[in-house]
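Q: Below are the sequence and a predicted model for it; my questions follow.
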Amino acid sequence: MGSKDDRALLARAALYLLLLSGVLVVAGGAIAVDPDRPLVFLLLAAALGALAMSGVMVMVLRARADLLISRLSDAARTDPLTGLLNRRGFDDLLGAELARAQRYGRPLSLVFGDLDRFKEVNDSLGHTAGDTVLKLVAERLRRETRTADLVGRYGGEEFVLLLPETDEEGALILAERLRAGIVELFAKQPEPVTISFGVATFEGADGEDLVRNADRALYAAKLAGRNRSIVYGRESTSSERSETPPEGRPAVVA
């Protein structure tokens, strides 16, 4: 159902079309009696005016409908709490960036971030405070990244960044800057908040491999003690890397 303004426009367009029909009927009768009478021309002019006005109304309604569809599409791809891309929105754009990186041989990196022990924040401070933490982290990520970067909330307390034109080293530098910034952001809070990051760089594999590798690096960062950034393939010791990490988010490593 559209807004009141849209319904009013639609009703007005219908009225003009009704008037147009009436005018044409009267004009047809007048033409049959005397095609040279001035009334005929006046009626035809009125008919053209009504037709033009109804056409304008329809165009306005179509433009509003297109805008509404666009907004609904954006809403379906946006996380309502943080305003970042949600998982669906991020995945939709990931394919295009991967294709561009592969076609032109350009660097592309993906960073997964997961707030450490976030359940404890919710348990001790409440879910409202937890939501505030998520929004503050989202704002920090958005502020510290470029316009070309994609930033999303992948689910729960997990965030994801896709960095075009960024190699492995550049992605690690950004991850460490973000990690340190988030620690500083919550340094004076009653419940400390830290984040772990996993970094992976596109090397000609498909998107699933890029996501999986960043996820594995994140898992390694959790196992290594949290509050750190690890690049896939650069884990400090073999004990910090799970050879067969879970396919989803590991529930036992928060």
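A: Received the coordinates, thanks.

Q: show me the contacts for residue 170.
A: 107, 109, 163 (Cβ atoms under 8 Å, 6 or more residues apart in numbering). For glycine as for every other residue, the C-beta is placed from the backbone atoms N, C-alpha and C.

Q: Which residue ranges of the chain form strands?
A: Secondary structure of the chain by DSSP state E: the strands cover 108-115, 150-155, 158-164, 195-201, 229-231.

Q: and the last one, average pLDDT?
A: This points to strand 229-231. For strand 229-231, the mean per-residue pLDDT is 97.

Q: got it, and the second one?
A: Averaged over strand 150-155, pLDDT sits at 96.

Q: Quick check, residue 89 in contact with residue 151.
A: No. Contact criterion Cβ atoms under 8 Å: residue 89 and residue 151 do not qualify, at 10.6 Å.

Q: quick one: which of the two has more around it?
A: Each of residue 89 and residue 151 has its neighbours counted (other Cβ atoms under 10 Å); residue 151 has more, 23 against 20.

Q: State the distance from that one to residue 163.
A: Separation of residue 151 from residue 163 (Cβ to Cβ, to the nearest Å): 10 Å.

Q: Spit out the residues that contact the two alike.
A: Counting by Cβ under 8 Å, 6+ apart, the residues touching both residue 151 and residue 163 are residue 145.

Q: Give me the below-cutoff pLDDT ranges for the stretch 1-150 of the chain.
A: 1-75 (pLDDT under 70).

Q: Run a quick neighbour tally on residue 97.
A: Other residues lying near residue 97 total 21 when counted by other Cβ under 10 Å.

Q: From residue 207, how far off is it?
A: When residue 97 is compared with residue 207 (using Cβ to Cβ), they lie 9 Å apart.

Q: again with residue 196
A: Where residue 207 is concerned, residue 196 sits at a distance of 22 Å (Cβ to Cβ).

Q: the more surrounded of the two?
A: residue 196 (27 against 16).

Q: To what extent is the closest residue to the more buried one other than its chain neighbours buried, counted in neighbours?
A: The spatially closest residue to residue 196, leaving aside those adjacent along the chain, is residue 221, at 4.0 Å (Cβ to Cβ, 6 or more residues apart in numbering). Residue neighbour count, defined by other Cβ under 10 Å, stands at 29 for residue 221.
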